[in-house]
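Student: Provide a 3D model corresponding to the input given below.
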Amino acid sequence: MLLSMIKRVLNLIICCLLLSAAAVSAAPVTGKVAVDGAGRAAVQVQAYPLKSMALSGDAPFTSKATGADGLFALDLPPGSYYLLATGSGWFSYYGRNPVTVPADGLADINLPLVPAETPPPAMTTAMTTGVAGRVLHDGKPVANAIVFVYPDLSAQFKGFGLGMSAPTDAKGQFEAPLPAGSYYLVARVRHGNSLAGPLQAGDLFGYLPGNPVTVGKDGVTKVSLPVIAVPEKVSRHAATMFGQTRISGRIVDRAGKPLTGLQALLYADDTMLNRPLFVSQPTGEDGLFQLSFPTGGTFYLAARSNLGGTPAPGELYGRYQGSAGAALKVETGQAIEDLQIVVENVW
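Tutor: Numbering: from 1, shown residues only. All right, here's what the predicted structure looks like:
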């Protein structure tokens, strides 16, 4: 009798511990799916872990269908994910993907919806194989959009990928000659002069709802790729956009004067020749920069006025040099402030 009672108590304790562990391991992610700010019903938000091989098929994590208010809730183990939304003829690819979910979760995730299917254009092309199509914003053709082609998720859709199309024409049309295979297409429209770095408020971004697209051995695949505008509030989220680990400071010249229009770049190696891990928004008149990332480590920091390639003569460029040297050690979740990067003209 006593032994049986002890076993029941132990089982109850074990169950409580397991339930507590399960509760701790799941972080709430909440937000809204919307078109022009208005929620949409019957849409499900899907989460693919960062190590996923493809953003297709059944997602490991899926929310319940939204109601008329478009609000969703999803419990995810802390980590990094790609967030997508599908349902009722709508689609969304979260513009900050991959997003890092901390132990206490994320709130106010906004997923702007675009049509899941848009008829491809009736255009002619001289290509033998590849992808041709048009870029649309609110159903209207977008000129000067560049379509980037990626073979898989390894680059997280950053950088130039396998290649890029020429800017779209007045009809929003583009061509991308490609051999047979499977590809991801992403479109960007930058209103500044840079081809790289974070998009700015007012720029356009689009992820093909039909990704990955298949190109056959004999023929051209035609698509319509919708884009959305980067919201004004993107700059206000720079401190936590890519994680809860962050650094901030000021970019100045040799005289200590703050500089406008420069960007801070975070690297994993001291050569700083490879593609940076993260790039800040351009500085304002105060010269302030902010960088956020998911996990800590040893990093190297630089600042420059132009992105892409090695620093060219006449460009403003500089590397962070702290009291302990160039290496910057950051703990996960730590916020390091008041760093200073001194830049000068490259000769």
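Student: Only C-alpha atoms from now on, for both contacts and neighbour counts.
Tutor: Will do.
Student: mind showing which ranges of the chain have poor pLDDT?
Tutor: For the chain, residues meeting the criterion pLDDT under 70 lie at 1-24, 192-198, 232-243.
Student: Can you give the domain ranges for it?
Tutor: Here the domain assignment for the chain is 27-115, 129-232, 238-345, based on automatic domain parsing.
Student: Run through the residues that contact Gln44.
Tutor: Thr62, Ser63, Lys64, Ala65, Thr66, Phe72, Ala85, Thr86, Gly87 (CA atoms under 8 Å, 6 or more residues apart in numbering).
Student: Look up the closest residue to it, ignoring the ones flanking it.
Tutor: Ala65 (4.8 Å; CA to CA, 6 or more residues apart in numbering).
Student: mind checking how far that neighbour is from Phe174?
Tutor: Per CA to CA, to the nearest Å, Ala65 is found 35 Å from Phe174.
Student: neighbour-wise, which of the two wins?
Tutor: The residue with more neighbours, out of Ala65 and Phe174, is Phe174; 25 against 19, by other CA atoms under 10 Å.
Student: any idea how far Gly314 is from that one?
Tutor: From Phe174 to Gly314 the distance is 34 Å (CA to CA).
Student: Likewise for Ser63?
Tutor: 51 Å.
Student: Comparing these two, which shows the higher neighbour count?
Tutor: Neighbour comparison, Ser63 and Gly314: the larger count goes to Ser63, with 17 against 11 (by other CA under 10 Å).
Student: rewinding a little: which SS class is the residue nearest to Gln44?
Tutor: coil (DSSP: H, G, I helix; E, B strand; the rest coil).
Student: Go ahead and confirm it touches Gln46.
Tutor: No: the pair Ala65 / Gln46 is not scored as a contact, 10.6 Å apart, by CA atoms under 8 Å.
Student: Asp218 - how many residues pack around it?
Tutor: 11.
Student: show me the contacts for it.
Tutor: Contacts of Asp218 (CA under 8 Å, 6+ apart): Thr128, Thr129.
Student: With the one 10 residues further on instead?
Tutor: Applying CA under 8 Å, 6+ apart to Ile228 gives the contacts Pro112, Val114, His137, Asp138, Leu204, Phe205, Gly206.
Student: what pairs with it across the strands?
Tutor: Phe205 (DSSP bridges).
Student: With Thr86 instead?
Tutor: Judged by DSSP bridges, the bridge partners of Thr86 are Gln44, Phe91.
Student: returning to what we had before: between the contacts of Gln44, which is nearest Gly296?
Tutor: Thr62 (28.9 Å; CA to CA).
Student: The nearest residue to the closest one once chain neighbours are set aside sits in which helix or strand?
Tutor: Sequence neighbours aside, Gln46 is the residue nearest to Thr62 in space, at 4.5 Å (criterion: CA to CA, 6+ apart). Taking DSSP states H and E as the criterion, Gln46 maps to strand 44-49.
Student: May I have that strand exported as CSV, CA atoms only?
Tutor: Provided in CSV are the C-alpha atoms of strand 44-49 (Å, rounded to 0.1, in the frame of the first residue of the first chain):
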residue,chain,number,x,y,z
GLN,A,44,-1.8,29.2,-41.5
VAL,A,45,1.7,30.3,-40.5
GLN,A,46,4.4,27.7,-41.1
ALA,A,47,7.9,27.6,-39.5
TYR,A,48,10.9,25.7,-41.1
PRO,A,49,14.0,25.3,-38.9
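Student: Show me what secondary structure element comes after it.
Tutor: Immediately after strand 44-49, counting by DSSP H and E, sits strand 61-62.
Student: Each with direction, which strands does that next one pair with?
Tutor: Sheet partners assigned to strand 61-62 using DSSP bridges are listed as strand 44-49 (antiparallel).
Student: ok, Leu113 to Phe160 distance?
Tutor: Separation of Leu113 from Phe160 (CA to CA): 25 Å.
Student: Compare the contacts of Gln44 and tell me which is most surrounded.
Tutor: For the contacts of Gln44, the largest neighbour count, defined by other CA under 10 Å, is 23 neighbours, found at Ala85.
Student: related to what we said a few turns ago, got a quick ChimeraX command for the buried subset of the contacts of Ile228?
Tutor: To isolate the buried members of the contacts of Ile228 in ChimeraX, using 16 or more other CA atoms under 10 Å:
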select :112,114,137,204,205,206
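Student: Pipe the contacts of Ile228 into TSV and attach distance to Asp270 per row.
Tutor: Shown next, in TSV, are the contacts of Ile228 (distance: CA to CA, whole Å):
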residue	distance to Asp270
Pro112	38
Val114	41
His137	41
Asp138	44
Leu204	33
Phe205	32
Gly206	33
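Student: Pull the residues that contact the helix or strand where Ala302 lies.
Tutor: Following DSSP H and E, the helix or strand that holds Ala302 is strand 297-304. Outside strand 297-304, the residues that touch it by CA under 8 Å, 6+ apart are 251, 262-270, 272, 311, 315-320, 326-332, 341, 343.
Student: now those residues: which count as buried?
Tutor: Buried among these by 16+ other CA under 10 Å: 251, 262-268, 272, 311, 316-320, 326-328, 330, 341, 343.
Student: Filter those down to just the ones in helices.
Tutor: In helices, judged by DSSP state H, none of the buried ones among the contacts of strand 297-304 are found.
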